[in-house]
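Peer 1: Got a sequence here, can you model it:
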Amino acid sequence: MLLTQLQIELAASAPGNACEARCVVTLHAEALATEITATNGTASAVALSCGVSNHLRVSTPDATYALGLQGSDYRTVEPALSEFSIVPPDYRAAAAERKATRHRWANRGFDMVLSGDPRGRGAADEPDGEEDDDYKHLTEEMCRVYSQAPREFTILDRGRRNSICLQRRGFEELYVFSPGSKYEWYGKFAFVVAGPAMLEPVVLRPGETWKGAQYLRNPNL
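Peer 2: The predicted structure is shown next:
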């Protein structure tokens, strides 16, 4: 029997099944899909915030480009750090010193949040600028959240002669992080991070369900 896909499902719920979240990761022959659903089973509104962080191995960020971001607003943030993050030790220490001057969004990380705070989509911080490069070179150290970005964009690695297309659904923003190019080629820190994100939470009224997804595929296959 030929195995055509592999699927893993993660689920969590608040006491009494008040709120429930599910994440289904499916490995297809030509793509990797991550689909998330969250349901509010309480009698009051809850705020939902989540994102997906993809660590993409590259030859070096100096040979890596993000295609299709021209015209998107961006905000410079601190990297989303957790026990699962892969970031150089010196970058983590420097980020801790800088965090007071950057947007507070990054301090929340990418952990899913289901809370009783129904304030909703408040006024987001003003963007730091607009991306003017449709072939964004990721050689420099950077960490940004892009708004009004295309639903599908591409990470191109000219060193490996490879590319990855990322498509998102249900997420309004896009997170992009590069540790810079001062580290060893093809080494532990030869990677970039990209994934769908939220700058502002989505408010779920009683009984409502939110769905979001991302799809990674290699156009060379």
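Peer 1: just checking, E35 touches W210?
Peer 2: No. Assessed by Cβ atoms under 8 Å, E35 is found out of contact with W210, at 11.7 Å. Quick note: C-beta positions are derived from backbone N, CA and C, even for glycine.
Peer 1: And the residue nearest to the spatial centre of the chain, how close does it get to G68?
Peer 2: By Cα atoms, centre = their mean, the chain has its centre lying nearest to G195, at 2.8 Å. Here the criterion is Cβ to Cβ, to the nearest Å. By it, G195 lies 15 Å from G68.
Peer 1: And V202, by the same measure?
Peer 2: V202 is 25 Å from G68, where distance means Cβ to Cβ.
Peer 1: re the thing from before, quick check: closest non-adjacent residue to the residue nearest to the centre of the chain.
Peer 2: The shortest distance from G195 to any non-neighbouring residue, by Cβ to Cβ, 6 or more residues apart in numbering, is to V52 (4.3 Å).
Peer 1: I'd say the one you found and Q214 touch.
Peer 2: Yes. Using Cβ under 8 Å, V52 makes contact with Q214 at a distance of 5.1 Å.
Peer 1: C-terminal to the helix or strand of the chain with the lowest mean pLDDT, what's the next element?
Peer 2: Sorting the helices and strands of the chain by mean pLDDT, DSSP states H and E puts strand 113-115 at the bottom, at a mean of 39. Using DSSP states H and E, the helix or strand that follows strand 113-115 in sequence is strand 129-130.
Peer 1: so where is the chain shaky, pLDDT-wise?
Peer 2: Scanning the chain for pLDDT under 70 picks out the ranges 1-3, 17, 83-84, 91-125.
Peer 1: That one: helices as residue ranges?
Peer 2: Using DSSP state H, the helices of the chain run over 89-98.
Peer 1: pretty sure V77 contacts C143?
Peer 2: Yes. Counting by Cβ under 8 Å, V77 touches C143, with 5.7 Å between them.
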